[in-house]
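Enquirer: any chance you can model this:
(4 chains)
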Number of protein chains: 4
Amino acid sequence: MEKNKGSKTDKWGVWMQRLLESLVEKHRPAAREGKLAEYIPELAKQDSRLLGMAVVDRAGKMHTAGAYRDRFTLQSISKLIALMIALMDHGEEKVFSKVGMEPTGDPFHSIYKLEIAREAKPLNPMINAGAIAVSSLIQGGSVEERVERILHLVREMADNPGIDINRSVYQSERDTADRNRALAYFLKGSGVIDDVEETLDVYFRQCSICVDCRDLARMGLCLAQNGISLRGKRVIPGDIARLAKTFMVTCGMYNASGEFAIRVGIPAKSGVSGGIMALVPGRMGIGVFGPALDKKGNSITGVRLLEDFSKKLGLSIF
Amino acid sequence: MEKNKGSKTDKWGVWMQRLLESLVEKHRPAAREGKLAEYIPELAKQDSRLLGMAVVDRAGKMHTAGAYRDRFTLQSISKLIALMIALMDHGEEKVFSKVGMEPTGDPFHSIYKLEIAREAKPLNPMINAGAIAVSSLIQGGSVEERVERILHLVREMADNPGIDINRSVYQSERDTADRNRALAYFLKGSGVIDDVEETLDVYFRQCSICVDCRDLARMGLCLAQNGISLRGKRVIPGDIARLAKTFMVTCGMYNASGEFAIRVGIPAKSGVSGGIMALVPGRMGIGVFGPALDKKGNSITGVRLLEDFSKKLGLSIF
Amino acid sequence: MEKNKGSKTDKWGVWMQRLLESLVEKHRPAAREGKLAEYIPELAKQDSRLLGMAVVDRAGKMHTAGAYRDRFTLQSISKLIALMIALMDHGEEKVFSKVGMEPTGDPFHSIYKLEIAREAKPLNPMINAGAIAVSSLIQGGSVEERVERILHLVREMADNPGIDINRSVYQSERDTADRNRALAYFLKGSGVIDDVEETLDVYFRQCSICVDCRDLARMGLCLAQNGISLRGKRVIPGDIARLAKTFMVTCGMYNASGEFAIRVGIPAKSGVSGGIMALVPGRMGIGVFGPALDKKGNSITGVRLLEDFSKKLGLSIF
Amino acid sequence: MEKNKGSKTDKWGVWMQRLLESLVEKHRPAAREGKLAEYIPELAKQDSRLLGMAVVDRAGKMHTAGAYRDRFTLQSISKLIALMIALMDHGEEKVFSKVGMEPTGDPFHSIYKLEIAREAKPLNPMINAGAIAVSSLIQGGSVEERVERILHLVREMADNPGIDINRSVYQSERDTADRNRALAYFLKGSGVIDDVEETLDVYFRQCSICVDCRDLARMGLCLAQNGISLRGKRVIPGDIARLAKTFMVTCGMYNASGEFAIRVGIPAKSGVSGGIMALVPGRMGIGVFGPALDKKGNSITGVRLLEDFSKKLGLSIF
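Expert: The predicted model follows:
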């Protein structure tokens, strides 16, 4: 816990603080069973043993433990932010003419369904193909302007104007993005997107937005409050925030979303940097960071920590 | 509304009654855009223009409209009942060693992923392949005994001991089940199930359990109350009921589950007879029947009616 | 060499005899690298170390080596015989409305393309799905009569009226045919075949026809002579024999046909019993038997022996 | 017939000349049933009604009919030339570690098998993915030098030093190559190729090499003579020419190769410009041009003309 140090004295706060610390301690060793996202050289440099967590409630009380100050990039978590902007820019009809709403059961970088499906559009906005289609819809006069709009929303949600892009991760992604380029060119060939390099530039930059657990927790809280930030500002229309939470449940944890819904039961979105943004509707936002990944690309320690946390507090929405 | 006729006088009851009637009236004409499940001859005989709805609250107040007395078979809705019994019989570990937890994005009778996936097991218990794997796990000394156990749970959930199997639908399914046999033999070849004909016999019978909208509403209520039936009896362990509701959200509406979560946002399970069992956690159970299906196998009028109903009452869990 | 013992004295005959013997000796040890078709219990009982070969020329001179007297079942080699009868029964147009002409690159028991392809029909008559479709076309008043017609053609081609079915292999196949049943029911569901069990019964029986290397060599010679048997009898119309030889080249060695065409370059059809029927157009028929299989289901020693034989004699048709 | 005007007087020459003219006349109207390769703008400008043919024998007698002087680009025909150079540069082992030998049954620009197959390498060098892998293997200090080597071999085979690249087709391909870029980036991501843009530059240029029917006929003759050109010069090693002919039979006509082998029965390689290079081993080379394509990408009139020609002269190698 930081920020509201006084609240440490209240019993719940103390209990919560100890809970987070004990959970981080308990699950950190499992990092050994996972591995870093080695296909992006900058991510491969992370310390795989880290594990941190932050939880913020509606009153703004922030509890933290472990590596909660360590910074990491949003990666796939940014897909959700971009989706909300695309929806604000174009409305549901246009956006969902380019990308579907269905979970796939396939790995995030899968391409085969684009060919064998009856329709050329990606199945949902949380797989890479769908996220690339969404990024192509973000409006703005230039790549910089388009990315600035994503950054702006992240800063507003996280109530942190200091959030920015990690340039070396961005360079690293851009230079090792063969599969994403394959997806983007396939989508261009099918008429789903128009410009590959510009779209990918937006996509790689949004993936490289750099945050810590506390930022993710406040972003989660903003969604938990249907688009109203911790400071009380409406930064996302309520129906779009609701839609985002729904995608978090059905597709937020790659092709482990079904299992996560059963085992944890709260809206969450992960990234291959090891971050997970989660939330309990109307109650709290949660940020987790543990860069050792399981086979499906989710933080191996983060998922276990969240399962334990959810079960201890009875947080499942189901 | 039936059952508690006195309550018709209260304002909410009257309003609710009118709402259901107006919704049924409004959406019935869309049946023209759908079509019956013609591959099962008995289902092809249904009157495609029917639409009925029943809603029951925790106090047992039942509101109804349209064809709420018409009877139809559970079909895929039975997959959820069988799953809960398999979990009671064997526990999560055994059940999920035979079937996964992930939505697929593919049609319910799809087979190709059984071949191209790294693991032979079906992706989830709500697609036919997964449901067949689950039915193979239902314990009992004979097919009759195994089916009796499923029937028993349906009767308990619906608080209706008169529920039984529709023999002519059962015969009809059994005789026209080529794709399901293909799935079952494939699963046997991969070691997921042992006995094809016995398993399919259980499966076809459970699909042929015959209910009306009020039964579905009470069954939904039982899940909404985490396994406690309208009469206050615990008929399903709480954690298994929760797990069932989670599958309803992620995989309950075939490969339209993602869209249904966004547009309607409540746990629901559909069947190709045109039935939908839905619920609002802690609040109400809902039964809908409209046999004209959309392309993915869901009641075309039922889905629209539920979307309207959910939006009018703000029922989405997201 | 047997049959025409006198010819052993001629130089070519002696040279050929020695060649076959040395080739068998050379390639037999590689059997260790393969394994028996263990999914059919009766085939799993074969002696995996066996290797035999027989070559017959137009004059009827037969050269043999190794396990050339050992008997084995036709398995997939029968697909070619059944195809020729179906073509005699119905003509090309009808047959190729049920099954395609294209090699697939997929394993012989693959099912996924039946679902994802635009057309429901199997890609060719040499994969199991296609062969089952072909067997459904064999005319006759009963399963026995239909199989008798296949047996009859085999006997005519091999000039051996003693050829018959191995009942225990037939029983064994029938009892362990889950994948083939899956394929057959899928085909029935798509309207490609009408009766599953009857069709499979024909199919399993034709697979269980029992021959030795000399029979295969004479059958190959019959095709090499465009349908005229060793005794000079026309047993297959010329255009159908030609078509069969073409399928041998494009699809005869499962999904190793392309490589076989390059490395060996002669028409050949293999079976999972370890048999290979091959031929040199206008010149000779060849029978090989080596039950240890490579990963694609072809005799591991048989393929190497044929490659060596073809290169030494310059037999490639390309 | 041109070139050797004197031979027009011999009977066979006159008969052949009349045959070609009548075949072109007979099949030209079918162009209406096909359509141009519209995804490459320059190819979409061709006159879809054209049909031409040239046949050259070992003595150099050339017979021609129809649009035999019209020029068109090699397109996929160049895949065969590039394969032969890659084999000369690296040998079979290296080349076939990057690309397989099996026909696929899938369209030429298909990508899905690269993902679902156990091995990342393309199934054969005649589909686009495989051809791109092959082009990456052509040695040379620069793209220009590498293309120059391909051009050189085409000129030698065709005995025509004037053959060159059509720059506007090259530009057009390069600018509309989304699917090919998707394939190339996928291959790079799987470690099959190293440099996408350079490889594609070689690939698009080789596709844009411009010939007429007579060139194709002489190129076919060179292969028919196992690598010895019309002038008697060995321009391709015999074993590589034989391998190329084998691929023509198993994969030369896209996913209609199996049917072409049955109906026509001679080695042939088509391109989406409407050209087909064919040959009769040891006897003749054939060039055909008809830019209206069937659904699989082969000249609709060209295929029919060749079938008719092959049947009239009994040319099938099977």
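Enquirer: how many neighbours does A:K11 have?
Expert: 7 (other CB atoms under 10 Å in any protein chain shown). For the C-beta atoms, the positions are set from N, CA and C on the backbone; glycine is no exception.
Enquirer: my bad, A:E42
Expert: A count of nearby residues for A:E42, using other CB under 10 Å, gives 20.
Enquirer: what do you get for A:A44?
Expert: Residues lying near A:A44 (other CB under 10 Å) number 14.
Enquirer: near chain D, which residues of the stretch 101-250 of chain A?
Expert: Contact residues, the stretch 101-250 of chain A versus chain D (CB under 8 Å from any CB of the partner chain): A:110-112, A:115-116, A:178-179, A:181-186, A:188-189, A:196.
Enquirer: 6 Å - rerun?
Expert: For the stretch 101-250 of chain A, the contact set with chain D under CB under 6 Å from any CB of the partner chain comprises A:111-112, A:115-116, A:178-179, A:181-182, A:185-186, A:188-189.
Enquirer: tell me the contacts of A:A158?
Expert: Contacts for A:A158 (CB atoms under 6 Å, 6 or more residues apart in numbering or on different chains) come out as A:215, A:218-219.
Enquirer: out of these, the closest to A:A86 would be?
Expert: A:A86 has its nearest neighbour among the contacts of A:A158 in A:M219, at 17.4 Å by CB to CB.
Enquirer: in what helix or strand does the closest one lie?
Expert: Assigned by DSSP states H and E, A:M219 belongs to helix A:213-224.
Enquirer: right, and the helix or strand after that helix?
Expert: Per DSSP H and E, the first helix or strand lying C-terminal to helix A:213-224 is helix A:238-251.
Enquirer: and that next one, what's its mean pLDDT?
Expert: If you average the pLDDT over helix A:238-251, you get 97.
Enquirer: got JSON lines for the contacts of A:A158, with neighbour count and pLDDT too?
Expert: Below are these laid out as JSON lines (neighbours: other CB atoms under 10 Å in any protein chain shown; pLDDT from 0 to 100):
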{"residue": "A:D215", "neighbour count": "27", "pLDDT": "98"}
{"residue": "A:R218", "neighbour count": "25", "pLDDT": "98"}
{"residue": "A:M219", "neighbour count": "34", "pLDDT": "98"}
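Enquirer: export those residues to TSV and tack on distance to A:K35?
Expert: Shown next, in TSV, are the contacts of A:A158 (distance: CB to CB, whole Å):
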residue	distance to A:K35
A:D215	25
A:R218	29
A:M219	26
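Enquirer: what is the nearest of those residues to chain B?
Expert: Each of these was scored against chain B by CB to the nearest CB, and A:M219 proved nearest at 16.7 Å.
Enquirer: can you give me the helices in the stretch 101-250 of chain A?
Expert: For the stretch 101-250 of chain A, the helices defined by DSSP state H, counting those that start in this stretch cover A:112-116, A:128-135, A:143-158, A:167-175, A:178-189, A:196-207, A:213-224, A:238-251.
Enquirer: among the ones you listed, which is nearest C:V134?
Expert: Closest approach to C:V134 among the helices of the stretch 101-250 of chain A is made by helix A:112-116 (26.3 Å; CB to CB).
Enquirer: does chain B sit close to that closest one?
Expert: No - Helix A:112-116 is not in contact with chain B by CB under 6 Å from any CB; minimum separation 7.1 Å.
Enquirer: repeat that for stretch A:82-95.
Expert: No - judged by CB under 6 Å from any CB, stretch A:82-95 makes no contact with chain B; its nearest approach is 8.7 Å.
Enquirer: may I see the buried residues of that stretch?
Expert: Buried residues in stretch A:82-95, counted by 16 or more other CB atoms under 10 Å in any protein chain shown: A:82-88, A:90, A:95.
Enquirer: ok, residues contacting that stretch?
Expert: Residues contacting stretch A:82-95 (CB under 6 Å, 6+ apart): A:125, A:134-135, A:137-139, A:149-150, A:206, A:236, A:240, A:244.
Enquirer: what's the answer for stretch A:59-75, then?
Expert: In contact with stretch A:59-75 (CB under 6 Å, 6+ apart) are residues A:1-4, A:7, A:16-17, A:20-21, A:24, A:50-56, A:166, A:169, A:207-210, A:212-213, A:230, A:271-273, A:275, A:289.
Enquirer: put the buried members of the residues you listed into a ChimeraX selection.
Expert: Restricted to buried positions by 16+ other CB under 10 Å, the ChimeraX selection for these reads:
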select /A:1,7,16,17,20,21,24,50,51,52,53,54,55,56,166,169,207,208,209,210,212,213,230,271,272,273,275,289
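Enquirer: out of the contacts of stretch A:59-75, which are inside helices?
Expert: A:16-17, A:20-21, A:24, A:169, A:207, A:213 (DSSP state H).
Enquirer: interface residues of chain A facing chain C?
Expert: Within reach of chain C by CB under 6 Å from any CB, chain A has these residues: A:I116.
Enquirer: can you give the domain ranges for chain A?
Expert: Using automatic domain parsing, the domain ranges for chain A come out as A:5-72+A:211-313, A:77-207.
Enquirer: just checking, A:S229 touches A:L223?
Expert: No - counting by CB atoms under 6 Å, A:L223 is not a contact partner of A:S229; they are 10.0 Å apart.
Enquirer: for these two, indicate the residue with more neighbours.
Expert: Using other CB under 10 Å, the more surrounded residue of A:S229 and A:L223 is A:L223, with 28 against 20.
Enquirer: surely the more buried one and A:I240 touch.
Expert: No - at 9.9 Å, A:L223 and A:I240 do not qualify as touching, with contact defined as CB under 6 Å.
Enquirer: so which bits of stretch A:166-177 are buried?
Expert: Neighbour-count burial for stretch A:166-177, counted by 16+ other CB under 10 Å, picks out A:166, A:169-170, A:172-174, A:177.
Enquirer: I misspoke; the intended subject was stretch A:185-201.
Expert: Neighbour-count burial for stretch A:185-201 flags A:185-190, A:192-193, A:196, A:199-201 (criterion: 16+ other CB under 10 Å).
Enquirer: so which residue is smack in the middle of chain A?
Expert: A:I77 (1.9 Å; CA atoms, centre = their mean).
Enquirer: tell me who's in contact with that residue.
Expert: By CB under 6 Å, 6+ apart, the contact list for A:I77 reads A:269, A:271, A:275, A:277.
Enquirer: what lines up beside the strand or helix carrying the last one in the sheet?
Expert: With elements taken from DSSP H and E, the one containing A:M277 is strand A:275-280. For strand A:275-280, the pairing partners within the sheet under DSSP bridges are strand A:268-270 (antiparallel), strand A:284-289 (antiparallel).
Enquirer: okay if I get those as JSON lines plus distance to C:G252 and mean pLDDT?
Expert: Below are these laid out as JSON lines (distance: least, CB to CB, whole Å; pLDDT from 0 to 100):
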{"stretch": "strand A:268-270", "distance to C:G252": "49", "mean pLDDT": "98"}
{"stretch": "strand A:284-289", "distance to C:G252": "57", "mean pLDDT": "98"}
